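[1] this is the structure alone, sequence omitted:
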């Protein structure tokens, strides 16, 4: 779902398309799987060998796929976090999960090819972490289900609620960190209280392209 046709003739950062920060969301001349204005995407696992409340998992990502995080919800959950039940495009709400992911997305767009690496690191922590726990959760929930199906449902609900809440909190912090780190298109190290330049900023090819465009757009001399 995060595919942006990288490395193909449709690559949205090919040539000048992505600007100096290689942002794949600038160029609108081709259709992509991963688009910046998506509301949510889901990935569904169906495991028929497990009881229904445990066998189904829906991984939900709110907002743009490239900057969001897939969060698992077992089929048997009886509750979702309150933050997943609200969202208004016109009102910033720190109690809304969708805004946490849009918040990160917004701050990633500024210096995309640098900031997206921070996002990928967070995705690796939370997505890979949740994926790595599936077998463990399946086993524990399966054992509970054999003894008491209600307890199994309660267990997967609690796990999903806790994980989703932690992810949303992590994304709010990630958004804050990106804001500080790439403020003024610089590179700020909060721990060392040092600042510098983003290495990817204003590369030579971009500066040359701008100068070439300036020449082309100069009014003709009479």
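    Good, I have the coordinates. Note that the structure is a prediction, hence the values are computed from the model and not measured.
[2] where do the helices sit along this protein?
    52-55, 97-110, 112-147, 149-181, 204-217 (DSSP state H).
[3] could you dump those helices into CSV with mean pLDDT, mean neighbour count and distance to residue 15 added?
    Any C-beta I mention is one placed from the backbone N, CA and C, and that applies to glycine too. As requested, the helices of the chain are exported to CSV (pLDDT from 0 to 100; neighbours: other C-beta atoms under 10 Å; distance: least, C-beta to C-beta, whole Å):
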stretch, mean pLDDT, mean neighbour count, distance to residue 15
helix 52-55, 97, 19, 47
helix 97-110, 97, 23, 19
helix 112-147, 97, 16, 15
helix 149-181, 98, 18, 27
helix 204-217, 85, 10, 9
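[4] quick one: closest of those to residue 68.
    For residue 68, the closest of these is helix 97-110, at 4.5 Å, according to C-beta to C-beta.
[5] quick revisit: tabulate the helices of the chain (CSV), appending distance to residue 2.
    As requested, the helices of the chain are exported to CSV (distance: least, C-beta to C-beta, whole Å):
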stretch, distance to residue 2
helix 52-55, 26
helix 97-110, 13
helix 112-147, 9
helix 149-181, 16
helix 204-217, 25
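[6] to residue 197, which of those helices lies closest?
    Per C-beta to C-beta, nearest to residue 197 of these: helix 112-147, 10.6 Å.
[7] for that closest one, name the packing helices and strands.
    Contacts defined by 3 or more C-beta pairs under 8 Å, 6 or more residues apart in numbering; DSSP states H and E place helix 112-147 against helix 52-55, strand 71-74, helix 97-110, helix 149-181.
[8] which of the ones you listed sits closest to residue 29?
    Nearest to residue 29, of all these, is helix 97-110, at 18.1 Å by C-beta to C-beta.
[9] tell me which of the helices of the chain sits nearest to residue 21.
    Of all those, helix 112-147 sits nearest to residue 21, with 4.6 Å by C-beta to C-beta.
[10] residue 12 reaches residue 22, doesn't it?
    No: contact criterion C-beta atoms under 8 Å: residue 12 and residue 22 do not qualify, at 9.2 Å.
[11] just the terminal-to-terminal distance for stretch 24-43.
    Stretch 24-43 has an end-to-end distance of 23 Å (C-alpha to C-alpha, to the nearest Å).
[12] mind listing what's buried along that stretch?
    Buried positions in stretch 24-43, judged by neighbour count with 16 or more other C-beta atoms under 10 Å: 24-27, 32, 34-36, 38, 41.
[13] give the contact list for residue 71.
    For residue 71, the contact set (C-beta atoms under 8 Å, 6 or more residues apart in numbering) comprises 59-61, 126, 130, 160, 163-164, 167.
[14] excluding covalently adjacent residues, which one is nearest to it?
    Nearest non-adjacent residue to residue 71, counting by C-beta to C-beta, 6 or more residues apart in numbering: residue 164, 4.9 Å away.
[15] the helices and strands packed on helix 112-147: which one's closest to residue 207?
    helix 97-110 (18.8 Å).
[16] got the contact list for that closest one?
    With C-beta under 8 Å, 6+ apart as the test, helix 97-110 has contacts from 21, 23, 25, 36, 39-40, 61-64, 66-69, 81, 83-84, 87, 92-94, 115-116, 119, 164, 168-169, 171-172, 174-175, 178-179, 182, 185.
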